[in-house]
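Enquirer: the sequence and its predicted three-dimensional model are supplied below.
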Amino acid sequence: MTDTAWIDAALTSARPQAVGALLRYFRDLDIAEEAFQNASLRALKSWPQNGPPRDPAAWLIMVGRNVAIDDIRRNRRQQPLPEDEAISDLDDAEARLAERLDGSHYRDDILRLLFICCHPDLPATQQIALALRIVSGLSVKQIARAFLVSEVAMEQRITRAKARVAEADVPFETPGAVERSERLSAVAAMIYLIFNEGYSAGGDTAEIRSPLCEEAIRLARLLLRLFQSEPEIMGLTALLLLQHARAASRFDAAGALVLLDDQDRSRWNRKMIVEGLALIDKAMRHRRSGPYQIQAAIAALHARAEKPEDTDWTQIDLLYGALEIMQPSPVVTLNRAVAVSKVRGAQAALEMIEPLEPRLSNYFHFFGVRGAFLMQLGRNDEARVAFDRAIALANTSAEAAHIRMHLDRLMRDSQPRGAKAGK
Amino acid sequence: MLYAILCYHDEDLVGSWTREQDAAVMKKLAVVQDKLKKQGRLGPVARLLPTTAATTLRKDDPPVVLDGPYAETKEQLLGFYIVDCKDLEEAVDVARDLGNANPGGAYEIRPVGLFEPGDGVK
């Protein structure tokens, strides 16, 4: 690795801790970010000459802090900006720094930094963009590319999100146990959103968007290192790893979606699977189940099956049943129905999803799954109607291409032979 | 004399490497390993899963199982085992048995991600 690549990696990994601490000192996101930026510039100059500091995050916090305080003092001569009490403990920074860096302080710093991105007033897309900008440190250009929007549009989105966060009253005191756990679950949900943003991409854009999945995994690992005994964070990390392990086999050469049953399992990433399985194993020992753990356990059953027919669908059915109780949602029931179709047949599965139609009438997967069940039951005309509906609702060209493949199969089956057999 | 070479690095930093950077490092390491292998001097090589996958058994009386890696600095690393277990439960049981035989200190139980048995040393 070259010098600059090493420094880039060090800056990326130190960033959440450093920006989190600077935010606690200055209580202003822009000042904290600028301080980190300035410290990073100095690092690029100083580290290649003097060698890397023993603790890069501490170095960046110290330097960023000093530069920002100098700036504030200089500015204060022209304009009174901001009041002394707004900047917590201007003095004896160095003495307290070491003590502040270990212990739980920095854990809450990072959690706070992640948490302000999850402000309930912010729509999901703004939450994700903000987190990628301030926590992950991706450039606006990189984020815009991942979201497939222009740089200008992304710049505006982030500026709006920041303005809203600035208005919000983010408490800087050390959070209590209940508040910490609420923050933790909001942050976990946000990390899952980042992942899904990358995961739900079509085959044509998967390459561009998969860094979002990798970044989400990095953030989940970071969170788990801070909260080592939280089974749901183990579950979240495992879930992301197990899902992302299948990335290379999810689309065919033409970019169409490949279903789990048809994927080339030799292309699944064993390294990620092994880590995901180890994390679920660890989470299960706590006997405190939760939605991420259950979803990870389902993903694990798929990962463990060497061939599709080895899949333990009975267990998957049970797990979805548990998830339905914990987090009732028509989408969960729809997923469960796929397991039911394998265990008890398509008729039982179809009966299970019929009542969901009013709530899922705009949901691509509902009609895709319904069509597949009808097709298995030989009700080809009805299947075709469902597939047509699915294509109309497809979010990506990969989804549409996948359904078209089913339609083609129906056409092949029903025209030559169907005409003769009167099927 | 056999020597164990224990690998320490900033996990955050290594986790921040891109896939390409990681692959480039592994490739360079493979060159060194191959040289040792050809000379018949290379024993087992393992890359451990991240510390997030670690569990620690403190050999107190009674022993306590904790999530995460062994983080104290007052004890020193004195040895290690590689044991084939069907799950973490079984690995913890093995560690308990070892702990009964040799109380005090702790065992960190970490899944092995990549393992090359290496038959170079007997």
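Expert: Okay, I see it. Keep in mind that this is a model prediction, so the values were computed, not measured.

Enquirer: and the gap between the residue nearest the centre of chain B and chain A?
Expert: In chain B, the residue lying closest to the centroid (C-alpha atoms, centre = their mean) is residue B:48, at 5.2 Å. As judged by C-beta to the nearest C-beta, to the nearest Å, residue B:48 and chain A stand 10 Å apart. To be clear about C-beta, it is placed using only N, CA and C from the backbone, and glycine gets the same treatment.

Enquirer: residues touching that residue, list them.
Expert: Residue B:48 sits next to B:110-113 when contact means C-beta atoms under 8 Å, 6 or more residues apart in numbering or on different chains.

Enquirer: could you do residue B:54 as well?
Expert: By C-beta under 8 Å, 6+ apart, the residues touching residue B:54 are B:67-70, B:108-110.

Enquirer: got JSON lines for those residues, with neighbour count too?
Expert: Below are those laid out as JSON lines (neighbours: other C-beta atoms under 10 Å in any protein chain shown):
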{"residue": "B:67", "neighbour count": "20"}
{"residue": "B:68", "neighbour count": "18"}
{"residue": "B:69", "neighbour count": "19"}
{"residue": "B:70", "neighbour count": "20"}
{"residue": "B:108", "neighbour count": "18"}
{"residue": "B:109", "neighbour count": "22"}
{"residue": "B:110", "neighbour count": "20"}
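
Enquirer: could you dump the contacts of residue B:48 into CSV and include distance to chain A, pLDDT and secondary structure?
Expert: Output for the contacts of residue B:48, formatted as CSV (distance: C-beta to the nearest C-beta, whole Å; pLDDT from 0 to 100; DSSP: H, G, I helix; E, B strand; the rest coil):
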residue, distance to chain A, pLDDT, secondary structure
B:110, 9, 96, coil
B:111, 4, 96, coil
B:112, 9, 95, strand
B:113, 6, 91, strand
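
Enquirer: PyMOL command to pick out the buried ones of those?
Expert: In PyMOL syntax, the buried subset of the contacts of residue B:48 is picked out as below (16 or more other C-beta atoms under 10 Å in any protein chain shown):
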select buried, chain B and resi 110+111+113
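
Enquirer: dihedrals phi and psi, the residue nearest to the centre of chain B?
Expert: Main-chain dihedrals, residue B:48, degrees, to the nearest 10: phi -80, psi 150.

Enquirer: can you count the residues close to residue B:26?
Expert: As a burial measure, residue B:26 scores 12 neighbours (other C-beta atoms under 10 Å in any protein chain shown).

Enquirer: figure out the helix or strand that it lives in.
Expert: Secondary structure assignment for residue B:26, by DSSP states H and E: helix B:19-38.

Enquirer: which residues sit against that helix?
Expert: A:1, A:5, A:9, A:214, B:14, B:17, B:42, B:45, B:116, B:118, B:120.

Enquirer: avg pLDDT for that helix?
Expert: In this model, helix B:19-38 has an average pLDDT of 91.

Enquirer: one more: stretch A:106-115?
Expert: 88.

Enquirer: burial measure for residue 9, as a count.
Expert: Just so you know, I chose chain A. Around residue A:9 there are 21 other residues, counting by other C-beta under 10 Å.

Enquirer: try again with chain B
Expert: Applying other C-beta under 10 Å, we find 7 residues neighbouring residue B:9.
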